[in-house]
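J.: With the input below, show me the fold.
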Amino acid sequence: MNLKSKPDNLASNPTVLISIIIPTYNEAATIRPCLEKLSGANIEVILSDSPHSTDNLQSVVEEFGFTYNQSDKAGRNHQMNAGAKLAKGSILYFVHADTLIHEDFEQDILQEISKGTDLGCYRYKFDKYHHPLMHINSFFTRFPMIWCRGGDQTLFIKKRVFEELGGFCAEHLIMEDYDILIRSKGKYTFSIVPKNVIVSSRKYEKNSYWGVLRANYIVMNKWLKKKASPEELQNTYKELLNN
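T.: Here you go, the predicted structure:
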């Protein structure tokens, strides 16, 4: 995306705080590998939990010394917006609970910001490849087309820009990450860090490669053509996949 840039001096300040925000739903048993990757002198970590969670995530979060917050509303969009309101950092970094971020994330993000980037993401690799064609999925995350994006790639964004965009859309029960990228186009600069985060392949393990591909295609097509409501998109995705 060749977008207009807005100047910012965030990266020139070595004490810039990056707030990492992770939306969760019953992830206490699986989230430790993600949390173990999150450290840095100027890092704040906020786990924004679903009000419907029934596990002991708060005790796990407190072990790491991170902030636990239970959102008033369920859904990644609401939970990430709730976490962003609590964030003290001038840069927000949204990460899924089953994603392992790159060890250079702090340096990478500040470097991109210093180059004029307003928001961006990483490429990704899967932790396991249950089908050889999953390598194609990984390969295409280096390209800037909207079809090649997704929340698993993580999203960093200046807090000022996030607020100017109104955060994640409250109506988008899924596709909230795609929506904010579409709304940023033509207004803010976007970049892709040429390094990989590691994404869980559990969706492909529970379903087939072709099943996931079909579900993604149907929902993305409906969303791009505005042929379905947010509720219908979410229900369609749930009907097509075992999550």
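J.: Going by C-alpha atoms from here, please, whenever you check contacts or count neighbours.
T.: Fine.
J.: Could you pull up phi and psi at residue 104?
T.: Phi and psi for residue 104, reported as degrees, to the nearest 10, are phi -90, psi 20.
J.: Let me see the contact set for it.
T.: Listed by CA atoms under 8 Å, 6 or more residues apart in numbering, the contact set of residue 104 is empty.
J.: just residue 96 next, same as before
T.: Counted by CA under 8 Å, 6+ apart, residue 96 has contacts 22, 23, 24, 151, 152, 154.
J.: mind running it again at 6 Å?
T.: Residue 96 makes contacts with residue 22, as judged by CA atoms under 6 Å, 6 or more residues apart in numbering.
J.: same question, residue 125
T.: Neighbouring residues of residue 125 by CA under 6 Å, 6+ apart: 138, 198.
J.: Make sure it is indeed in a strand.
T.: Yes - applying DSSP: H, G, I helix; E, B strand; the rest coil, one finds residue 125 inside a strand.
J.: now it, which residues is it bridged with?
T.: residue 198 (DSSP bridges).
J.: Can you give me the separation between it and residue 107?
T.: The spacing between residue 125 and residue 107, counted by CA to CA, to the nearest Å, is 20 Å.
J.: again, but for residue 183
T.: Residue 183 sits 27 Å away from residue 107, going by CA to CA.
J.: Of those two, give the one with the bigger neighbour count.
T.: residue 183 (13 against 10; other CA atoms under 10 Å).
J.: The more buried one: which element?
T.: Counting by DSSP states H and E, the element that carries residue 183 is helix 176-184.
J.: where does the chain have low pLDDT?
T.: Across the chain, the ranges flagged by pLDDT under 70 are 1-15, 243.
J.: what element comes up after the longest helix anywhere in it heading to the C-terminus?
T.: Ranked by residue count under DSSP state H, the longest helix found in the chain is helix 209-224. Sequence order places helix 230-240 as the next helix or strand after helix 209-224, per DSSP H and E.
J.: in that following helix, what counts as buried?
T.: In terms of neighbour count (16 or more other CA atoms under 10 Å), helix 230-240 has its buried residues at 230, 233, 234, 236, 237, 240.
J.: Next: stretch 36-50.
T.: By neighbour count with 16+ other CA under 10 Å, stretch 36-50 contains the buried residues 38, 43, 44, 45, 46, 47, 48, 49, 50.
J.: Residue 154 versus residue 100, what's the distance?
T.: Distance from residue 100 to residue 154, counting by CA to CA: 10 Å.
J.: Those two: who's more crowded?
T.: Legend: neighbour count by other CA under 10 Å for residue 100 and residue 154, higher for residue 100 (26 against 23).
J.: unless I'm mixing things up, that one is touching residue 200, no?
T.: No - here residue 100 does not reach residue 200: they are 8.3 Å apart, not a contact under CA atoms under 6 Å.
J.: quick revisit: which one of the buried residues of helix 230-240 is nearest to residue 140?
T.: Closest to residue 140 out of these is residue 237 (22.1 Å), distances taken as CA to CA.
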